[in-house]
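Chemist: sequence plus the predicted model coming up.
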Amino acid sequence: MSEFMLARLDEAEAEFERALVVEAECSGVPVDEVREYWLRPKGQGRDEVERAGTGWPRYLADIEAKRRIVELHTPFHVTTENDGLNWDYQGCGECSMPDGVEEGETWWPCETLRLLALPYADHPDFDERWSL
Ligand SMILES: [Zn+2]
């Protein structure tokens, strides 16, 4: 799941790079200048698109935030013995174990990652077991 999501986020970032190249080719402006213009600091003509929830800086910030969430929610596997019972846990290292999980069951991918993956449910690499 982590690899799947990181690949989708890499694709989204690559879309920004492709848009930069297209804009540079269409306008005749060098790619670096287009990048500088598109990513200019707030207060330099960027505020209106930011308020509308559009604009490349917010787009890239959204990708980075999602990438950090994916990197935070990593799988773990623990085997413990308690009161003579062997417990075999597989789950998210960040999220608490949900109620009702039995020995040997898994809570991976966690609900957080499943929610992040929802927009990609129609992707050919999406695993139906990740559905909520
Ligand atoms: Zn998690």
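Modeler: Thanks, I have the structure now. Numbering: from 1, shown residues only.
Chemist: do a quick rundown of the helices in the chain.
Modeler: 2-27, 31-38, 47-51, 56-72, 111-117 (DSSP state H).
Chemist: what parts of the chain come near the ion?
Modeler: Neighbours of the ion within the chain, by CB under 5 Å from the ion: H73, C92, E94, C95, C110, T112. Placement of C-beta: from N, CA and C, glycine included.
Chemist: which among those residues end up buried?
Modeler: Using 16 or more other CB atoms under 10 Å as the burial test, these include H73, C92, C95, C110 as buried.
Chemist: format the residues of the chain next to the ion as CSV; extra columns: pLDDT.
Modeler: Below are those laid out as CSV (pLDDT from 0 to 100):
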residue, pLDDT
H73, 95
C92, 89
E94, 91
C95, 88
C110, 91
T112, 94
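Chemist: the residues you listed in strands, which ones?
Modeler: C92 (DSSP state E).
Chemist: give me the residues contacting stretch 124-132.
Modeler: Applying CB atoms under 8 Å, 6 or more residues apart in numbering, the contact partners of stretch 124-132 are M1, F4, A7, P109, E111, L113, R114, L115, A117, L118, Y120, A121.
Chemist: winner for burial among the helices of the chain?
Modeler: Comparing the helices of the chain by mean neighbour count (mean count of other CB atoms under 10 Å), helix 111-117 comes out on top with a mean of 17.
Chemist: roughly how far is that helix from the heart of the chain?
Modeler: Here helix 111-117 is found 9 Å from its chain centre; the criterion is CA atoms, centre = their mean, to the nearest Å.
Chemist: same question, stretch 109-124
Modeler: 9 Å.
Chemist: nearest to I63, of the buried ones among the residues of the chain next to the ion?
Modeler: Relative to I63, the closest of these is H73; by CB to CB it sits at 16.2 Å.
Chemist: who's in contact with the closest one?
Modeler: By CB under 8 Å, 6+ apart, the neighbours of H73 are S2, C92, G93, E94, C95, P109, C110, T112, L113.
Chemist: count of neighbours near the closest residue to V78 other than its chain neighbours?
Modeler: Nearest residue to V78, sequence neighbours excluded (CB to CB, 6 or more residues apart in numbering): Y89, at 4.8 Å. For Y89, the neighbour count with other CB atoms under 10 Å is 17.
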